[in-house]
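Asker: how would this look folded up:
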Amino acid sequence: MKQNRFKIKIASYLLLQRDNKILMTRRFNTGWSDGMYSLPSGHIDKGEFPLETIMREAEEEVGAHINPETTELIHIHFQKDTYVDFYFRTQEWQGEIKINEPDKCDKIVWVELKDIDTLEIPEKIKTALNSIKKGEFYSHGD
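Answerer: This is a model prediction of the structure:
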């Protein structure tokens, strides 16, 4: 008998750091968490590794060309039955940071990790960021 396995989505997120602050973008007109702040991120396409995804997304969304050798995996967040999210961090990039997708993002801010609770952030991302603040490599949500 063939077992029916569930399928889960996989995404990558980037903590782009500058002067102890991370870059956050406000979602706009996307249909998911519009008006809330997120990180440069995206779904992993077929044939991609998580690091390749965040390299592509950082360039597409905010114009950051990141070096895979200076970008590290710092956290994995498992959202029960829906997502596995990989969180990467880098302090080195090239390019001018700007909104490259004005149809999906209407604002960019730099915020210290300790101040993320001052922003409206989707719960799964807030859980991951709070775990990252504590130095935890893994978190999960229902």
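
Asker: quick one, phi psi at the closest residue to Met36 other than its chain neighbours?
Answerer: Nearest residue to Met36, sequence neighbours excluded (CB to CB, 6 or more residues apart in numbering): Glu120, at 4.8 Å. C-betas here are computed from N, CA, C, even on glycine. In terms of degrees, to the nearest 10, the main-chain angles of Glu120 are phi -80, psi 120.

Asker: again with the one 5 residues further on
Answerer: Summarising the backbone geometry of Ile125 under the convention degrees, to the nearest 10, its torsions are phi -70, psi -40.

Asker: you'd agree it is up against Pro40?
Answerer: No. Using CB atoms under 8 Å, Ile125 is not in contact with Pro40; the gap is 11.7 Å.

Asker: quick one: which of the two has more around it?
Answerer: Pro40 (28 against 22; other CB atoms under 10 Å).

Asker: Check this structure for its longest helix and report it.
Answerer: Identified as the longest helix of the chain according to DSSP state H is helix 50-62.

Asker: can you pull out the strands in this protein?
Answerer: All strands of the chain, identified by DSSP state E, fall at 9-18, 21-27, 37-38, 41-43, 65-66, 72-79, 83-90, 93-94, 105-112, 138-141.

Asker: can you put those in a markdown table and add distance to Leu129, mean neighbour count and mean pLDDT?
Answerer: What follows is these, written out as a markdown table (distance: least, CB to CB, whole Å; neighbours: other CB atoms under 10 Å; pLDDT from 0 to 100):
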| stretch | distance to Leu129 | mean neighbour count | mean pLDDT |
| --- | --- | --- | --- |
| strand 9-18 | 8 | 20 | 97 |
| strand 21-27 | 8 | 20 | 97 |
| strand 37-38 | 10 | 20 | 97 |
| strand 41-43 | 12 | 16 | 96 |
| strand 65-66 | 19 | 18 | 98 |
| strand 72-79 | 9 | 17 | 97 |
| strand 83-90 | 8 | 21 | 97 |
| strand 93-94 | 19 | 16 | 96 |
| strand 105-112 | 10 | 14 | 97 |
| strand 138-141 | 9 | 15 | 95 |
